[in-house]
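**Q** the following block contains a protein sequence and its predicted model.
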2 protein chains.
Amino acid sequence: MIHTIRWGSNCIYIIDQRRLPQKKEWLVCRSLQDVITAVREMAIRGAPAIGVAAAMGLALGSHSIKTEKYGTFRRRFLEMAQQMKLARPTAANLRWAVERMIRIVERMHDNNVKEIKEAIRKESQIILEKDIEINLKIGQNGLGLIPDGATILTHCNAGALATGGYGTALGVIRAAYEAGKNIHVIVDETRPLLQGVRLTAFELMEENIPVTVIVDSAAGYLMRKKMIDLVITGADRIALNGDMANKIGSYQLAVIAKENKIPFYVAAPISTFDPDLKNGDLIPIEEREPKEVISFAGHLIGPEGVDAFNPAFDITPAKYISAIITEKGVIKPPYRRSIRNLFDTEDYSGT
Amino acid sequence: MIHTIRWGSNCIYIIDQRRLPQKKEWLVCRSLQDVITAVREMAIRGAPAIGVAAAMGLALGSHSIKTEKYGTFRRRFLEMAQQMKLARPTAANLRWAVERMIRIVERMHDNNVKEIKEAIRKESQIILEKDIEINLKIGQNGLGLIPDGATILTHCNAGALATGGYGTALGVIRAAYEAGKNIHVIVDETRPLLQGVRLTAFELMEENIPVTVIVDSAAGYLMRKKMIDLVITGADRIALNGDMANKIGSYQLAVIAKENKIPFYVAAPISTFDPDLKNGDLIPIEEREPKEVISFAGHLIGPEGVDAFNPAFDITPAKYISAIITEKGVIKPPYRRSIRNLFDTEDYSGT
């Protein structure tokens, strides 16, 4: 299995996803700022992976706080946490992980700073390992939704590279394949950053799972031709009514799927749900630089000086989502109730 | 105005659209085979432009038939016509133009070969010039559908470069701009060959019409956010029930537009209608090489050896199309009747 992120002795190694699949290069992060830059520039991406990176980044950052005093340490740590939170706005998991780290610091007010730093580092490793466990559970829980012989459309990359390992949407696909189901995956390339053709196709080919790439615009053609049995994506944030933010293009896939009576599933851990948001239109949508759209590999593809608009995510209203697959089970409409039940039985803080 | 294709003395000049907008290079075609290659490799593309190229290509080809005998000339010409027809399968205009040229040859059985060659060449020039006139009429006919202040989404390139000149969908946009309407055009990049960002953005910027590029996947986001007032595209073939084939991705734009109560218009000349086809599912859909998908601006983007599927067009069922703008007026549902009326009043042969 591909490892997206791991600890070195005084650093964090991150596989540089901007260069995959042509080059496998490990980016060495030696400071919180290095991790923030890696997240912002999408050397590491995918909501759960960003959560893991945030936790590990704060653990790395905390070691640079040179004080023995709890008050000073806490103040500096909260500043770092705030910086880390701002790296990218849409994924819920980033904030979730940062707040989890903050709770450790708050709780350990009677411990010495060295012990707190150790606890933080340990916690970041737990978040990484638990994320893989969670994905394995998501895979098992989604298994029943994947018929034998299914052709499955996925968007962007919700695989091992988007998580601690194994993947959410690709976790379900992996689980189906490992269970001996005969499946074929269609992945759209996912412009502008091409995570579908670069990362998802790469992950699936590494495991010999049959995969075919299409351009984003071809999904509707295949759905109308009944060449797709189901769609499955990850999510960056899910509101309490089941609306979700995910990679730009997810919304239109969901609309076309519904129009063609094809189920549209979302696979995501509980940490992707935002218990503060009533609906998806409250989710902040990141707008990235126009140059991602109008250039490729350093080559300008459009006319000199052309304007571009580059929203990185969109909102898929709950009415288009057939089910949400979590580590606690498959959630079905009506989502308001089923998501509330989830939080009633789950300690969201995860501590 | 950009000229897509024009006569030289013993050759045809075609602007090589594969290299636009970075390079403006004229491709010199000296034989029918050169023209077929240019059409097949999409140095020239767009249904009406392909029609013009086919007519001019046959005129060029006919000059290489070294005989004085009508029977021999006719036989060789029909062979050439058949080759030309097969260059690309989806656009109706290709066949329309070829058949129009064949009719000249059939009708002139009492003339000598030199006269026939001259008539053919003249006819090809008429097709080119009439195409520009037709587009100007389409522009005027579509004017009433474009509100002042509209933000208009278009897909691929249905501009001067896709036609003899002026354009179909972009003809309507040009006409609205020339009429003093305050409009803003959103164009999606149109993978795999990027006609939107390379050609449409280029044409609009040359005329100072405000344009913003998005990735194909972002169209749904903008429509749901009410940032688009109407969608307008060209067409490659329209069946008798109003179903149409157009660049891959048109179908999904039409579905999302309908879902968001945004009008979806098609602009096309009568030569794009296929009077032999009852519905769109009978239209042949060209599948092009996978390499167009898995490479981007000449660079391999996916893993080595990855499979790809590359349908170049899709079918938009008539129920998603708000109106079809032709040189004879705006056609509205029910299309079966309105298209039949069109052919009752129009001499489809155009001769």
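**A** That came through fine.

**Q** neighbours around A:G71, how many?
**A** 9 (other C-beta atoms under 10 Å in any protein chain shown). Quick note: C-beta positions are derived from backbone N, CA and C, even for glycine.

**Q** partner strands of the helix or strand of chain A with the lowest mean pLDDT and their direction?
**A** Ranking every helix and strand in chain A by mean pLDDT, DSSP states H and E puts strand A:295-296 at the bottom, with a mean of 82. Strand pairing for strand A:295-296, determined by DSSP bridges: strand A:299-300 (antiparallel).

**Q** now do the helix or strand just after the partner strand, average pLDDT.
**A** Following strand A:299-300 in sequence order, the next helix or strand is strand A:307-308 (DSSP states H and E). Mean pLDDT, strand A:307-308: 98.

**Q** how about strand A:307-308 and chain B, any contact?
**A** Yes. Against chain B, strand A:307-308 shows contacts by C-beta under 8 Å from any C-beta of the partner chain at A:307-308.

**Q** chain center to that strand: distance?
**A** Taking C-alpha atoms, centre = their mean, to the nearest Å, one finds strand A:307-308 lying 27 Å from the centre of the chain it belongs to.

**Q** got it, and stretch A:101-119?
**A** That offset, for stretch A:101-119, works out to 27 Å (C-alpha atoms, centre = their mean).

**Q** same question for stretch A:34-46.
**A** With C-alpha atoms, centre = their mean as the basis, stretch A:34-46 stands 12 Å off its chain's centre.

**Q** how about stretch A:104-124?
**A** 26 Å.

**Q** check what pLDDT whatever residue of the stretch 1-150 of chain A ends up closest to chain B gets.
**A** For the stretch 1-150 of chain A and chain B, the shortest gap (C-beta to the nearest C-beta) falls at A:P21, measuring 4.5 Å. In the predicted model, A:P21 carries a pLDDT score of 94.

**Q** tell me who's in contact with it.
**A** If you count contacts by C-beta atoms under 8 Å, 6 or more residues apart in numbering or on different chains, A:P21 has them with A:198-199, A:201-202, B:302-303.

**Q** how is chain A divided into domains?
**A** Chain A breaks down by automatic domain parsing into domains covering A:5-136, A:141-344.

**Q** most tightly packed of those domains?
**A** Among those, ranked by average contacts under mean count of other C-beta atoms under 10 Å in any protein chain shown, first place goes to domain A:141-344 (a mean of 22).

**Q** could you tell me the end-to-end distance of that domain?
**A** Domain A:141-344 has an end-to-end distance of 20 Å (C-alpha to C-alpha, to the nearest Å).

**Q** how about the strands in the stretch 151-300 of chain A?
**A** Counting by DSSP state E, counting those that start in this stretch, the segments of the stretch 151-300 of chain A that form strands are A:151-154, A:184-188, A:211-214, A:230-233, A:237-238, A:244-247, A:264-267, A:295-296, A:299-300.

**Q** what does the second one contact?
**A** The set of residues that contact strand A:184-188 without belonging to it, under C-beta under 8 Å, 6+ apart, is A:150-155, A:173, A:196-197, A:200-201, A:204, A:209-216, A:218-219, A:222, A:227-228, A:249, A:253, B:217, B:309.

**Q** what packs against the top helix by length along chain A?
**A** If you go by DSSP state H, chain A has its longest helix at helix A:113-142. Helices and strands touching helix A:113-142, by 3 or more C-beta pairs under 8 Å, 6 or more residues apart in numbering or on different chains; DSSP states H and E, are strand A:5-7, helix A:47-62, helix A:70-85, helix A:92-107, helix A:169-178, strand A:264-267, strand A:323-326, strand A:329-331.

**Q** how far out from the middle of the chain is that helix?
**A** Relative to its chain's centre, helix A:113-142 lies at 15 Å (C-alpha atoms, centre = their mean).

**Q** that helix vs helix A:169-178, what angle?
**A** Computed by axes from the mean of the first three to the mean of the last three C-alpha atoms, to 10 degrees, the angle separating helix A:113-142 from helix A:169-178 equals 50 degrees.

**Q** report the central residue of chain A.
**A** By C-alpha atoms, centre = their mean, chain A has its centre lying nearest to A:A47, at 2.4 Å.

**Q** ok, that one touching A:I238?
**A** No. At 9.9 Å, A:A47 does not count as touching A:I238 under the criterion of C-beta atoms under 8 Å.

**Q** now the common contact residues for the two.
**A** Jointly contacting A:A47 and A:I238 under the rule C-beta under 8 Å, 6+ apart are A:92, A:268, A:272.

**Q** isn't the last one up against A:N93?
**A** Yes. In this structure, A:T272 is within contact of A:N93 by C-beta under 8 Å, at 5.8 Å.

**Q** now do the shared contacts for these two.
**A** Here A:T272 and A:N93 share the contacting residues A:47-48, A:236, scored by C-beta under 8 Å, 6+ apart.

**Q** circling back: now the helices and strands packed on helix A:113-142 as TSV including mean pLDDT and distance to B:P333?
**A** Converted to TSV, the helices and strands packed on helix A:113-142 look like this (pLDDT from 0 to 100; distance: least, C-beta to C-beta, whole Å):
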stretch	mean pLDDT	distance to B:P333
strand A:5-7	95	55
helix A:47-62	97	43
helix A:70-85	98	52
helix A:92-107	97	44
helix A:169-178	98	39
strand A:264-267	98	29
strand A:323-326	98	36
strand A:329-331	96	40
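
**Q** could these go into CSV alongside distance to chain B?
**A** As requested, those are arranged in CSV below (distance: least, C-beta to the nearest C-beta, whole Å):
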stretch, distance to chain B
strand A:5-7, 21
helix A:47-62, 18
helix A:70-85, 24
helix A:92-107, 19
helix A:169-178, 15
strand A:264-267, 13
strand A:323-326, 20
strand A:329-331, 23
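
**Q** I'd like those as a markdown table, with distance to B:N112 appended.
**A** A markdown table is the format used below for these (distance: least, C-beta to C-beta, whole Å):
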| stretch | distance to B:N112 |
| --- | --- |
| strand A:5-7 | 80 |
| helix A:47-62 | 75 |
| helix A:70-85 | 84 |
| helix A:92-107 | 80 |
| helix A:169-178 | 69 |
| strand A:264-267 | 66 |
| strand A:323-326 | 74 |
| strand A:329-331 | 79 |
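
**Q** what about stretch A:298-315, start to end distance?
**A** 30 Å.

**Q** over to stretch A:17-34?
**A** The first residue of stretch A:17-34 is 15 Å away from its last residue (C-alpha to C-alpha).

**Q** name the nearest residue to the residue nearest to the centre of chain A, sequence neighbours excluded.
**A** Nearest non-adjacent residue to A:A47, counting by C-beta to C-beta, 6 or more residues apart in numbering or on different chains: A:A91, 3.8 Å away.

**Q** thought that neighbour was touching A:A53?
**A** No. Counting by C-beta under 8 Å, A:A91 does not reach A:A53; the two are 10.5 Å apart.

**Q** setting aside sequence neighbours, what's the nearest residue to A:I36?
**A** Excluding its sequence neighbours, the residue lying closest to A:I36 (C-beta to C-beta, 6+ apart) is A:A87, at 4.8 Å.

**Q** checking the one you found next. Helix, strand or coil?
**A** coil (DSSP: H, G, I helix; E, B strand; the rest coil).

**Q** surely A:V52 touches A:I126?
**A** No. Assessed by C-beta under 8 Å, A:V52 is found out of contact with A:I126, at 10.3 Å.
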